[in-house]
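Enquirer: I would like to see how this sequence folds:
(chains A and B)
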Amino acid sequence: GENVEQHPSTLSVQEGDSAVIKCTYSDSASNYFPWYKQELGKRPQLIIDIRSNVGEKKDQRIAVTLNKTAKHFSLHITETQPEDSAVYFCGPRSGGSYIPTFGRGTSLIVHP
Amino acid sequence: DTEVTQTPKHLVMGMTNKKSLKCEQHMGHRAMYWYKQKAKKPPELMFVYSYEKLSINESVPSRFSPECPNSSLLNLHLHALQPEDSALYLCASSQDKGLDYGYTFGSGTRLTVV
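Expert: Residues are numbered from 1 along each chain as shown, chains lettered A, B, ... in the order given. Modelled structure (predicted):
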């Protein structure tokens, strides 16, 4: 099965700073790489994803980069705002299994 | 409609009770999932339904019984639960299995077993 590691487990930044969360996976057949955001007491929500034929994808202040050779992908948030405070989960999925393996989560705290 | 709707939002039940959780989506998604989430942990997969057939049971105890009456509905029947089963139960759906689509999660049912 897929082994997924997510770092850091906690990230504390000042408003306006950038934040980067990294997800490392083991299955070289993985071909879909999403990030989910879960605010306190709410559902996880897909915020950005990337597929294996693309190296980077941006959506306003968030971006995801993929390094298939090194088997990791990262979530980048620029100009962080207090409403970005949440737990972020990566969930890479192998082409042989349609079930994602979630990382353990990163608690992002943005201080005003 | 781009949502997954779960009811009830909160449930308190005794260890001898029988209750059901409900999940509904009208996005035409053909894969539906039950997840269990403990505080500060990632969601843990329980069951997967694909085209209304159970395709994955992650060794879940029989006190949890899933049901998929049709392509839009997913139920989770609960009986003789233990206090350690208290958690947030999330339903999710995706367009299909085997394809690179993300999940749409419901808001969850927060279950407390007393």
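
Enquirer: give me every residue that touches residue 47.
Expert: Reading this off chain A. A:W35, A:Y36, A:K37, A:D59, A:I62 (CB atoms under 8 Å, 6 or more residues apart in numbering or on different chains). C-beta: built from backbone N, CA, C; applies to glycine.

Enquirer: think we crossed wires, I meant chain B
Expert: B:Y33, B:W34, B:L54, B:I56, B:N57, B:E58, B:V60, B:F64, B:P66, B:L76.

Enquirer: which two in those residues are spaced the farthest apart?
Expert: Greatest spatial distance in the contacts of B:F47: B:I56 and B:L76, 14.3 Å, computed using CB to CB.

Enquirer: related to what we said a few turns ago, hmm, which of the contacts of A:I47 are the buried ones?
Expert: By neighbour count, with 16 or more other CB atoms under 10 Å in any protein chain shown, the contacts of A:I47 hold A:W35, A:Y36, A:K37, A:I62 as buried.

Enquirer: please list all residues in contact with the second one.
Expert: Right, the one you point to is A:Y36. A:P44, A:Q45, A:L46, A:I47, A:Y88, A:F89, A:C90, A:G91, A:F102, B:G102, B:Y103, B:F105.

Enquirer: and if you look at the last one?
Expert: With contacts defined as CB under 8 Å, 6+ apart, A:I62 is in contact with A:W35, A:I47, A:I48, A:L75, A:H76, A:I77, A:T78.
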